[in-house]
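**Q** need coordinates for the following:
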Amino acid sequence: MPTVLIVEDEKKMQRLLELSLAEEGYTTQAAADAESALKLFGQHRIDVVITDLKLPGMNGLEFLQAVKRADARMPVVLMTAFGTVETAVQAMKAGASDYLIKPFSLEEMKLILQRELDVRRLQEENRDLREALGKRYEFKNIVARSARMQEVLTVVERVAPTNSTVLLGGESGAGKDLIARAIHQHSRRASGPFVKINCAAIPENLLESELFGYEKGAFTGAVAAKPGKFELADKGSIFLDEIGDVPPSIQVKLLRVLQEREFERLGGTKTLKVDVRLIAATNRDLRAALEQGTFREDLYYRLNVVPIDIPPLREHKEDIPDLVKAFIDRFSRESGKTVTGITQAAMRALIEFHWPGNVRELENIIERAVALSAGDEIDTADIHLDFLPSAGRRTAEGSAAFPPPGLTLEQFEDEIIREALRRADGNKSQAARLLGLSRNALRYRLSKIGVADDED
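**A** Numbering: from 1, shown residues only. All right, here's what the predicted structure looks like:
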């Protein structure tokens with residue numbers, strides 16, 4: 001608890017202040033004169049000083065100046081029965097935080113002390129944050145030299161040792177998985193399991209049993225009991241990717257796990273306790289989902305304890321050269337090829353691209369380039385940048401792009417969906433993310449064009 005140093009030569013007043021502050025949970029140190037107070041100041045951690053202006057020997061103003069020489073940020077509140085405007089101005093110029101004129105109410109004093117403690121705490125947090133921003137953070141498997149990504153890693157460094165729930169936001173392919181793993185690896189749970197589940201990739205009727213497990217006979221085919229992901233993640237971390245696609249019925253059970261750390265398996269009656277740190281991620285606007293009524297407000301605020309927004313690659317392109325080097329080294333090693341670099345023209349093409357698929361798309365393109373490269377360097381001929389049709393692109397005349405001649409708008413949309421499936425190698429969940437659609441929205445469009453929606 002905060003420690004208050006009381007400097008008051010009147011014994012009854014000193015005792016009254018000690019008892020009153022002790023009732024509020026403060027720790028107190030007391031002295032009858034400035035000289036004794038300065039000794040206590042050097043022997044104990046002091047968070048705030050409250051002192052009488054009229055003291056035997058060194059007076060309150062001289063004591064204030066001595067305290068400020070020792071710690072310029074120390075809040076000091078002066079008390080006096082001889083309150084005049086001139087004295088108050090003199091005290092504030094000398095560095096006093098506030099001024100109380102006797103007689104004052106104890107409530108007034110408590111409010112002033114709390115305010116001064118809050119101000120000091122904020123000053124310390126700001127100083128720590130400035131120091132942290134000046135430090136360059138490095139995490140295994142994460143390339144982040146840009147200022148935008150260093151801001152992300154600063155928050156990761158601070159939140160990882162805690163048990164706070166983290167909500168990662170950002171576009172598909174921006175690196176939410178890597179950030180989630182970094183949080184786990186730098187937490188006190190690093191020796192425990194890290195369990196990941198993509199909520200959008202699992203059919204709605206199976207998601208509950210995947211998360212919470214099931215008992216024997218819970219449904220047809222449940223020939224034996226099976227633990228869920230939360231049980232498997234006990235004493236570790238669970239990463240729920242695409243949390244925005246969780247249906248309302250399961251959101252209720254998630255809320256209970258976050259609040260009470262307990263649940264029942266599907267078809268079971270026994271309540272299971274679990275010690276899990278939850279990290280969630282989404283590429284959707286959950287606030288819009290709140291307005292639409294598809295996402296519970298109470299669950300949102302439970303998840304959004306520490307939000308971390310990961311910027312898209314187009315907003316930190318200065319990281320592209322380092323990312324490219326890391327990918328070339330890895331894929332050359334894995335493929336046994338001798339590709340060691342990239343030409344300036346090829347690098348320029350990569351930097352100028354808009355990267356709708358973010359870091360994941362860059363990784364795929366470099367993997368393909370390494371495979372196709374015939375020399376020691378990747379050249380522009382080895383790089384194949386895909387361009388999906390986009391409503392935001394413009395024709396030479398400046399008007400919005402239209403479907404190619406001979407295609408209706410509906411056929412044009414079907415072609416875009418098929419192209420997204422091709423780029424995602426048939427993975428429906430990945431295709432949905434490329435198109436900015438929910439899994440259910442893509443399922444509906446696939447049924448219209450006659451594409452089977454079997455599990456990925």
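
**Q** ok, now which ones touch the residue most central in space within the chain?
**A** Geometric centre of the chain, nearest residue: residue 308, 2.8 Å, by C-alpha atoms, centre = their mean. Residue 308 sits next to 152, 155, 156, 159, 166, 167, 168, 169, 179 when contact means C-beta atoms under 8 Å, 6 or more residues apart in numbering. Any C-beta I mention is one placed from the backbone N, CA and C, and that applies to glycine too.

**Q** do residue 266 as well
**A** Applying C-beta under 8 Å, 6+ apart, the residues contacting residue 266 are 208, 209, 212, 213, 214, 215, 218, 219.

**Q** where does the stretch 251-400 of the chain dip in pLDDT?
**A** Scanning the stretch 251-400 of the chain for pLDDT under 70 picks out the ranges 386-400.

**Q** residue 185: what's it in contact with?
**A** Here residue 185 is in contact with 139, 140, 160, 194 (C-beta under 8 Å, 6+ apart).

**Q** what helix or strand is residue 158 on?
**A** helix 147-159 (DSSP states H and E).

**Q** re earlier: let me know the next secondary structure element after the helix or strand containing the residue nearest to the centre of the chain.
**A** If you go by DSSP H and E, residue 308 is part of strand 306-309. Going down the chain from strand 306-309, the next helix or strand is helix 320-335, by DSSP H and E.

**Q** please, where are all the strands along the stretch 251-400 of the chain?
**A** For the stretch 251-400 of the chain, strands defined by DSSP state E, counting those that start in this stretch occupy the ranges 262-264, 271-273, 277-282, 306-309, 341-342, 377-378.

**Q** pull the distance from the last one to the chain's centre.
**A** Translated: strand 377-378. 37 Å (C-alpha atoms, centre = their mean, to the nearest Å).

**Q** by contact count, what packs against that strand?
**A** If contacts are counted by 3 or more C-beta pairs under 8 Å, 6 or more residues apart in numbering; DSSP states H and E, strand 377-378 sits against strand 341-342, helix 358-372.

**Q** for residue 121, find the nearest of the ones you listed.
**A** Each of these has some distance to residue 121 by C-beta to C-beta; the shortest is helix 358-372, at 37.0 Å.

**Q** just the angle between the closest one and helix 320-335, please?
**A** If you take axes from the mean of the first three to the mean of the last three C-alpha atoms, to 10 degrees, helix 358-372 sits at 50 degrees to helix 320-335.

**Q** can I get helix 358-372 in PDB, CA atoms only?
**A** C-alpha atoms of helix 358-372 as PDB (Å, rounded to 0.1, in the frame of the first residue of the first chain):
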ATOM      1  CA  ASN A 358      -0.200  -9.400 -45.600                       C
ATOM      2  CA  VAL A 359       2.800 -11.300 -44.300                       C
ATOM      3  CA  ARG A 360       1.300 -14.700 -45.100                       C
ATOM      4  CA  GLU A 361       1.000 -13.700 -48.800                       C
ATOM      5  CA  LEU A 362       4.600 -12.500 -48.900                       C
ATOM      6  CA  GLU A 363       5.700 -15.800 -47.300                       C
ATOM      7  CA  ASN A 364       3.900 -17.800 -50.000                       C
ATOM      8  CA  ILE A 365       5.300 -15.700 -52.800                       C
ATOM      9  CA  ILE A 366       8.900 -16.000 -51.600                       C
ATOM     10  CA  GLU A 367       8.400 -19.800 -51.200                       C
ATOM     11  CA  ARG A 368       7.300 -20.000 -54.800                       C
ATOM     12  CA  ALA A 369      10.100 -17.700 -56.000                       C
ATOM     13  CA  VAL A 370      12.700 -19.800 -54.300                       C
ATOM     14  CA  ALA A 371      11.300 -22.900 -55.900                       C
ATOM     15  CA  LEU A 372      11.200 -21.300 -59.300                       C
END
